[in-house]
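Okay, here's the prediction I keep looking at, along with the sequence it came from:
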Amino acid sequence: MRVLLILAGKELRDSLRNRWIIATIAVLATLALALAFLGSAPVGLVKASTLSVTVASLASLTVYLVPLIALLLAYDALVGEAERGTLLLLLAYPVNRWQVVLGKFLGHCAILALAILIGYGVVLMALTFTDSGQSSAQDWRAFTTMMASSLLLGAVFLAIGYLPSALVRERATAAGIAIGLWLIFVVLYDLALLGVLIADEGQVLGQSFIAALLAMNPTDAYRIFNLSGDGGAAEVSGMAGLATSAGLGSALLISILVAWVIIPLSATVFVFQKKEI
């Protein structure tokens, strides 16, 4: 455990010196604030609290921005070290390769946690001062749950991004794969599913099968988890009761996201153990 913490601390310090990381944190905080204050226009129409609208808006922002940040952190985690020649030096110390992978993963998770805490924490502080008591305890709990699940979503894409970083030998290749993965999971998957549903016209595919297809995508699992409960965010998003009617409970959705962390990360450790440096 001590080795993992040392490696994680090194990764955290290296990332904090990266101006791109600082810039992405600033972008996340700016967009979150903009959505919090500009996205509350529908409050009077749906009779939802400002915090509920904010949760719905930030969950949508998270689906696009957090996976991108995670993949940008992960794509050169291993191949970048190998290109710079520092990976051989690191492996010369008494550390195992699985410890290198997990140590980097923990360090990058800490960076994501910092980005989410700053970006969404600023919004939480602002809403604390501007909220007139209309937000319920359930709304505040939904906000903190959204923050925690956003970190889990980021961990998913860190794990996914590590695998090509262990497989390829050039940073440019890993960067291209990372962008391709972001497009597939965040944009193209839902477009393809929408096309299938339009072509099917409700003739063959049942609700359970469609729900299973949605749950297979980590971004959709995150979106359903945060936007289809019983709170105000579900009413704002128009997805109230979707998870229950489709048989997708909160525990199942979280389990799916955890599986998306464990499986790619395990595959990365396996590949990295066999790879010649």
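Received the coordinates, thanks.

Where does pLDDT dip in the chain?
38-49, 130-136, 201-206, 229-247 (pLDDT under 70).

So what's the gap between the strand or helix carrying residue 209 and the chain middle?
Using DSSP states H and E, residue 209 sits within helix 207-216. Helix 207-216 sits 20 Å away from the centroid of its parent chain (CA atoms, centre = their mean, to the nearest Å).

Next, the buried residues of that helix.
Neighbour counts over helix 207-216 (16 or more other CB atoms under 10 Å) mark 210-211, 213-215 as buried. (Glycine included, C-beta is placed from N, CA and C.)

Packing partners of it?
helix 189-200, helix 218-227, helix 250-274 (3 or more CB pairs under 8 Å, 6 or more residues apart in numbering; DSSP states H and E).

could you redo the last one with a cut-off of 10 Å?
Under the contact criterion of 3 or more CB pairs under 10 Å, 6 or more residues apart in numbering; DSSP states H and E, helix 207-216 touches helix 189-200, helix 218-227, helix 242-245, helix 250-274.

so which of those gets nearest residue 153?
helix 218-227 (4.6 Å; CB to CB).

Which elements pack onto the closest one?
Helix 218-227 packs on helix 50-74, helix 137-167, helix 189-200, helix 207-216, helix 232-237, helix 242-245, helix 250-274, going by 3+ CB pairs under 10 Å, 6+ apart.

Adding distance to residue 92, write these out as a markdown table.
A markdown table is the format used below for the helices and strands packed on helix 218-227 (distance: least, CB to CB, whole Å):
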| stretch | distance to residue 92 |
| --- | --- |
| helix 50-74 | 24 |
| helix 137-167 | 19 |
| helix 189-200 | 42 |
| helix 207-216 | 41 |
| helix 232-237 | 50 |
| helix 242-245 | 50 |
| helix 250-274 | 16 |
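
Residue 90 is nearest to which of those?
Of the helices and strands packed on helix 218-227, nearest to residue 90 by CB to CB is helix 250-274, at 12.2 Å.

Buried residues, that closest one. List them.
Neighbour-count burial for helix 250-274 [16+ other CB under 10 Å]: 250, 253-254, 256-257, 260-261, 264-265, 267-269, 271-272.

Between these, which sits nearest residue 155?
residue 261 (5.1 Å).

okay, the helices and strands packed on helix 207-216 in TSV with distance to residue 73 next?
Output for the helices and strands packed on helix 207-216, formatted as TSV (distance: least, CB to CB, whole Å):
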stretch	distance to residue 73
helix 189-200	22
helix 218-227	16
helix 242-245	30
helix 250-274	14
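
Report the two of the buried residues of helix 207-216 separated the most.
The widest separation within the buried residues of helix 207-216 (CB to CB) is 9.7 Å, between 210 and 215.

Sounds good, over and out.
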